[in-house]
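Undergrad: with the sequence up front, the predicted model follows.
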Amino acid sequence: MINLETERLLIRNFTSNDWSGLAELGIKYEETELAIYDEGPWPDDPEKYKEIVEQMSTNDVFLAVILKENSKLIGLIYKQAKDNHGFEFGFNFHVEYHGKGYATESCKKVIDYMYKELEAEYITAGTAVVNIPSNKLLTKLGFKLVREKKMSFRKDETGNPIMFDAVDYILTEVRDIS
């Protein structure tokens with residue numbers, strides 16, 4: 001079990017009670033223009049999130065980001081071991097909580113945990129070139145751009161892949177970004 005805390009946030013494993021918060025996050029995210037650049041789509045039926053949260057709560061791969069002031073789920077962080085030394089890293093935050101520093105605060109805490117407790121030697125992340133907020137956050141967290149490539153996660157209404165320019169990042173040392 002992972003339980004991390006910052007001044008404003010709790011970062012912990014998902015529980016079955018998180019389904020409605022995750023449903024709100026996922027449904028709102030699918031309404032954004034950036035959703036087509038991620039795996040998905042997220043379900044549009046809130047009830048389907050009960051199953052998703054049950055699966056997410058069985059391991060430490062997905063972490064819930066909870067706002068202390070009202071116990072609201074405002075984001076999720078993904079951390080998956082790649083090998084004995086490295087991890088994949090990702091995040092998704094509720095659109096109504098963008099621009100308030102919550103993503104920076106929680107991601108920094110999880111990255112510190114990954115280096116100190118999980119003994120990570122490197123962490124990789126990726127995003128779409130057009131996802132300016134994610135690119136800025138990764139850079140702020142100390143990630144370095146590795147490469148640009150063409151990717152596709154979804155198909156259009158005729159079944160053709162939706163291709164986009166993606167970027168891969170790597171972080172090999174923790175930096176103080178306070």
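TA: Received the coordinates, thanks. Numbers count the residues shown, from 1 in each chain.

Undergrad: list the contacts for Pro133?
TA: Taking Cβ atoms under 8 Å, 6 or more residues apart in numbering as the criterion, Pro133 is in contact with His98. Bear in mind the C-beta positions are built from the backbone N, C-alpha and C, glycine included.

Undergrad: helix or strand for it, which one?
TA: Using DSSP states H and E, the element containing Pro133 is helix 132-140.

Undergrad: may I see the buried residues of that helix?
TA: By 16 or more other Cβ atoms under 10 Å, the buried positions in helix 132-140 come out as 134-135, 137-138.

Undergrad: if you average pLDDT over stretch 17-32, what comes out?
TA: Mean pLDDT, stretch 17-32: 96.

Undergrad: just the CA coordinates of that stretch, formatted as PDB?
TA: Taking C-alpha atoms only, stretch 17-32 is exported to PDB below (Å, rounded to 0.1, in the frame of the first residue of the first chain):
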ATOM      1  CA  ASN A  17     -15.000   4.100  -3.300                       C
ATOM      2  CA  ASP A  18     -13.100   6.000  -5.900                       C
ATOM      3  CA  TRP A  19     -15.200   4.900  -8.800                       C
ATOM      4  CA  SER A  20     -17.400   8.100  -9.100                       C
ATOM      5  CA  GLY A  21     -14.400  10.400  -8.900                       C
ATOM      6  CA  LEU A  22     -12.600   8.400 -11.600                       C
ATOM      7  CA  ALA A  23     -15.800   8.400 -13.700                       C
ATOM      8  CA  GLU A  24     -16.000  12.200 -13.500                       C
ATOM      9  CA  LEU A  25     -12.300  12.500 -14.400                       C
ATOM     10  CA  GLY A  26     -12.500  10.100 -17.300                       C
ATOM     11  CA  ILE A  27     -15.800  11.400 -18.800                       C
ATOM     12  CA  LYS A  28     -14.500  15.100 -18.600                       C
ATOM     13  CA  TYR A  29     -11.200  14.100 -20.100                       C
ATOM     14  CA  GLU A  30     -12.900  12.400 -23.100                       C
ATOM     15  CA  GLU A  31     -14.600  15.800 -23.800                       C
ATOM     16  CA  THR A  32     -11.100  17.500 -24.300                       C
END
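
Undergrad: show me what counts as buried in that stretch.
TA: Result for stretch 17-32 [16+ other Cβ under 10 Å]: buried residues 18-19, 21-27, 29.

Undergrad: so what touches it?
TA: 14, 35, 38, 40-44, 46, 48-50, 52-53, 56-57, 64, 72-76, 92-96.

Undergrad: can you tell me which of those residues are buried?
TA: Among the contacts of stretch 17-32, the ones that count as buried (16+ other Cβ under 10 Å) are 14, 35, 38, 42, 49, 52-53, 56-57, 64, 73-76, 92-94.

Undergrad: longest helix anywhere in the protein?
TA: For the chain, the longest helix by residue count, based on DSSP state H, is helix 102-116.
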